[in-house]
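Engineer: structure, please.
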Amino acid sequence: MQNTIEKESSTNIIIICSTVDLAGQNIKGHLLRSRDWDQLEVPQALVEDVSEVYESDDLRIVEVKEHHIYQDGIDEKLKQAGIPCDLIIFASKHRSADGRRLLTSHFTGNPGSADFGGNPGELAVAAPFALRSILLSMSEKAGEIGYDVSMESTHHGPSDLKVPSVYAEIGSSESEWVDPDAGAIVASAILGVQQEKCPVALGFGGGHYAARQTNLIFGSDVTFGHNFPDYQIPHVDGKLFRQAVEKSGAELVYCDRKSMSSGARKKINDLAEASGLEIFRESDIMEMKGIPFNYFLTFLDKVRDHDPAGRVKFSEGIRNKLDELATGMGRDQVAVTTVKVDPQLIKLTKSVDLEALKKVLQSSDMVYFELDDSTVSNVFFTFWKQDAEGFLLFMIDECIKILKERYDTEYIFDENVLCITDDRFNPDLARKMGVLPGPMFGKLAGGEPVTIDGKIIEPGMVRERIKKSFVINNAIF
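Structural biologist: Predicted coordinates:
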């Protein structure tokens, strides 16, 4: 299956370390030992702020004298001193009272007050593709040395940065900050950072460590821009939401709904709607894996036309066929064919074996969608009209196979008529034979005989055969 992630052209990257940050010094040491660097003279305009500068191809290490959370405007200072960049990576420590052995990555900014650098109500420009790359790289080896890996929510300074930036950190105490194995892993993640494009989500809900958002980065094709945990949502108003969208390049919104109050969910839903962004559930994001985002949105639009709460599902067949299209095609450049299968046929089939029906749909070449009750709709979609025509014949055949598990079934092809014969328990017949409603009804309905006044009542004696016929009405448009 074609990957939905696209590589971006190379960038000039500045790695900022601080002389007062033990973890940053640990990471810096591994960076210097990992490849050849030229030490540059510190530009005169930076001598008060910067102690050392190193260069290797498109990478530079800039060591600042003050802690980097107070480096507002450092990108502009570097540019004016002749050191421009496209991406800043801060190599730093993470401090936590729980003492977790943890490698983290996050963006900076202050949704509320500015207690640790930056400005209140200001967010730095995020680097979501770099964050994904760093987290994935760190996760490959962190377990070998007993560390967890997590994205953190947006916090602390600097916030006044126009160049995209991201933090890569070692936590949570001094023993971890100087751990050479941890330093090597973070340095490797920084040196190997890849700016691979993929859908960017704005995150809300959960705790500071954004566990569900982190798992989505590891398990799907999305990344995250700015993320706001439950305790920061009161600070999120229309202005901050729009700032987060712009500075993240966000294309969708994800909410950790289980952690959020109903009021918080409504607030974010209203803000997303006002910004024209769709809120994706976790299942939506996982379903999107391997599907080009523009195609996913195209089919999602069609599903929403029929059911605003519908959950779009891609069969294995259509996942493979989507490789035939150019991923550069926009949402308005492809024509979607809609197929409606007779609702009575689908309803009957679902009542016999829903899971079997879902397996059939997964083996098809169509997009389908699930309803709120986890059943499936009778409406399907594809880009290929010839597949739609074949799908109708396929569905009739497969539904009849499932229906035969319960009913005597006959399909009259020339008339497109399906005949169903149902042999069912008749409570009126049971009453006439002296059976009272209750447990005995249940036994007879389940195929067990009962005894009334010494007389055995067999299940067949209280069953009737009902025959139904209906024309299968399908449509393609």
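
Engineer: pretty sure residue 250 sits in a strand.
Structural biologist: No - Residue 250: not assigned to a strand; according to DSSP: H, G, I helix; E, B strand; the rest coil it is coil.

Engineer: quick check: which element contains the closest residue to it other than its chain neighbours?
Structural biologist: Nearest residue to residue 250, sequence neighbours excluded (Cβ to Cβ, 6 or more residues apart in numbering): residue 202, at 4.1 Å. For glycine as for every other residue, the C-beta is placed from the backbone atoms N, C-alpha and C. Using DSSP states H and E, the element containing residue 202 is strand 200-204.

Engineer: any idea of the mean pLDDT in that strand?
Structural biologist: Per-residue pLDDT over strand 200-204 has a mean of 98.

Engineer: before we move on, the earlier item: neighbours of the residue nearest to residue 250, just the number please.
Structural biologist: The number of residues packed near residue 202 is 29, by other Cβ atoms under 10 Å.

Engineer: downstream of the worst-scoring helix or strand of the chain on mean pLDDT, the next helix or strand is which one?
Structural biologist: Comparing helices and strands within the chain by mean pLDDT, DSSP states H and E singles out strand 6-7 as the least confident, with a mean of 48. Sequence order places strand 13-18 as the next helix or strand after strand 6-7, per DSSP H and E.

Engineer: mind saving the C-alpha coords of that next one as CSV?
Structural biologist: C-alpha atoms of strand 13-18 as CSV (Å, rounded to 0.1, in the frame of the first residue of the first chain):
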residue,chain,number,x,y,z
ILE,A,13,18.7,22.7,11.3
ILE,A,14,20.0,24.4,14.4
ILE,A,15,20.4,22.4,17.5
ILE,A,16,20.4,24.6,20.6
CYS,A,17,22.0,23.4,23.8
SER,A,18,22.5,25.3,27.1
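
Engineer: parallel or antiparallel, list what pairs with that strand.
Structural biologist: If you go by DSSP bridges, strand 13-18 pairs up with strand 59-64 (parallel), strand 87-95 (parallel).

Engineer: just the CA coordinates for the shortest one, please, in PDB.
Structural biologist: Same thing as strand 59-64. This file holds the C-alpha atoms of strand 59-64, laid out as PDB (Å, rounded to 0.1, in the frame of the first residue of the first chain):
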ATOM      1  CA  LEU A  59      23.400  21.100  10.800                       C
ATOM      2  CA  ARG A  60      24.700  23.600  13.400                       C
ATOM      3  CA  ILE A  61      25.000  23.300  17.100                       C
ATOM      4  CA  VAL A  62      24.500  26.600  19.000                       C
ATOM      5  CA  GLU A  63      25.300  26.600  22.700                       C
ATOM      6  CA  VAL A  64      23.600  29.400  24.600                       C
END
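
Engineer: please identify the buried residues of the helix or strand following that strand?
Structural biologist: As assigned by DSSP H and E, the chain's next helix or strand after strand 59-64 is helix 74-80. By neighbour count on 16 or more other Cβ atoms under 10 Å, the buried set for helix 74-80 is 74, 75, 77, 78.

Engineer: and stretch 458-470, by the same measure?
Structural biologist: 459, 462, 463.

Engineer: same question for stretch 168-182.
Structural biologist: So stretch 168-182, judged by 16+ other Cβ under 10 Å, has buried residues 168, 169, 170, 171, 172, 173, 176, 177, 179, 182.

Engineer: report the beta-bridge partner residues of the first one.
Structural biologist: Meaning residue 168. Per DSSP bridges, the residues bridged to residue 168 are residue 91, residue 105.

Engineer: wait, what's in contact with it?
Structural biologist: With contact taken as Cβ atoms under 8 Å, 6 or more residues apart in numbering, residue 168 is in contact with 27, 89-92, 103-105, 134, 138, 186, 189-190.

Engineer: quick one: which two of the residues you listed are the most distant?
Structural biologist: The most widely separated members of the contacts of residue 168, counting by Cβ to Cβ, are 90 and 138 (14.7 Å).

Engineer: is the residue nearest the centre of the chain in a helix, a strand, or coil?
Structural biologist: Geometric centre of the chain, nearest residue: residue 285, 2.8 Å, by Cα atoms, centre = their mean. What three-state DSSP gives for residue 285 is helix.

Engineer: for it, which non-adjacent residue is spatially closest?
Structural biologist: Closest to residue 285 by Cβ to Cβ, 6+ apart is residue 220, at 5.0 Å.

Engineer: how many other residues sit next to the one you found?
Structural biologist: Residues lying near residue 220 (other Cβ under 10 Å) number 20.

Engineer: could you pull up the mean pLDDT of stretch 80-95?
Structural biologist: 95.

Engineer: shift numbering so it begins at 593
Structural biologist: Got it, first residue is 593 now, which makes that one stretch 672-687.

Engineer: may I have it as CSV, with CA atoms only?
Structural biologist: Taking C-alpha atoms only, stretch 672-687 is exported to CSV below (Å, rounded to 0.1, in the frame of the first residue of the first chain):
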residue,chain,number,x,y,z
GLN,A,672,20.7,38.6,11.7
ALA,A,673,24.1,37.2,12.7
GLY,A,674,24.3,35.2,9.5
ILE,A,675,23.1,31.8,10.8
PRO,A,676,19.6,31.3,9.3
CYS,A,677,17.7,28.1,9.8
ASP,A,678,14.5,26.3,8.9
LEU,A,679,14.1,24.2,12.0
ILE,A,680,15.3,24.6,15.6
ILE,A,681,15.7,21.5,17.9
PHE,A,682,16.3,22.2,21.6
ALA,A,683,18.3,19.5,23.3
SER,A,684,17.2,19.6,26.9
LYS,A,685,16.3,18.0,30.2
HIS,A,686,12.8,17.1,31.4
ARG,A,687,12.1,17.4,35.1
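
Engineer: check which residues of it are buried.
Structural biologist: Judged by neighbour count (16+ other Cβ under 10 Å), stretch 672-687 contains these buried residues: 673, 675, 677, 678, 679, 680, 681, 682, 683, 684, 685, 686.

Engineer: cool, stretch 804-824 as well?
Structural biologist: By neighbour count on 16+ other Cβ under 10 Å, the buried set for stretch 804-824 is 804-806, 808-809, 812-822, 824.

Engineer: for the buried residues of stretch 760-774, which one is nearest residue 952?
Structural biologist: residue 760 (46.7 Å).

Engineer: quick check: pLDDT value at that closest one.
Structural biologist: pLDDT for residue 760: 98.

Engineer: where does the prediction get shaky in the protein?
Structural biologist: 593-602, 918-926 (pLDDT under 70).

Engineer: tell me the domain boundaries of it?
Structural biologist: Domain assignment for the chain by automatic domain parsing gives 598-888, 893-996, 1010-1062.

Engineer: most packed of those domains?
Structural biologist: The highest mean neighbour count among the domains of the chain, using mean count of other Cβ atoms under 10 Å, belongs to domain 598-888: a mean of 19.

Engineer: before we move on, the earlier item: can I get the contacts of residue 760 in CSV including distance to residue 705?
Structural biologist: Compiled in CSV, these are given as follows (distance: Cβ to Cβ, whole Å):
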residue, distance to residue 705
619, 29
681, 26
682, 21
683, 26
684, 21
695, 28
696, 22
697, 24
726, 28
730, 30
778, 29
781, 31
782, 30
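
Engineer: out of those, which one sits closest to residue 915?
Structural biologist: Checking the contacts of residue 760 against residue 915 with Cβ to Cβ, the nearest one is residue 726 at 29.5 Å.

Engineer: still on that earlier bit, turn the domains of the chain into JSON lines, including distance to residue 1068.
Structural biologist: Converted to JSON lines, the domains of the chain look like this (distance: least, Cβ to Cβ, whole Å):
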{"stretch": "domain 598-888", "distance to residue 1068": "20"}
{"stretch": "domain 893-996", "distance to residue 1068": "5"}
{"stretch": "domain 1010-1062", "distance to residue 1068": "19"}
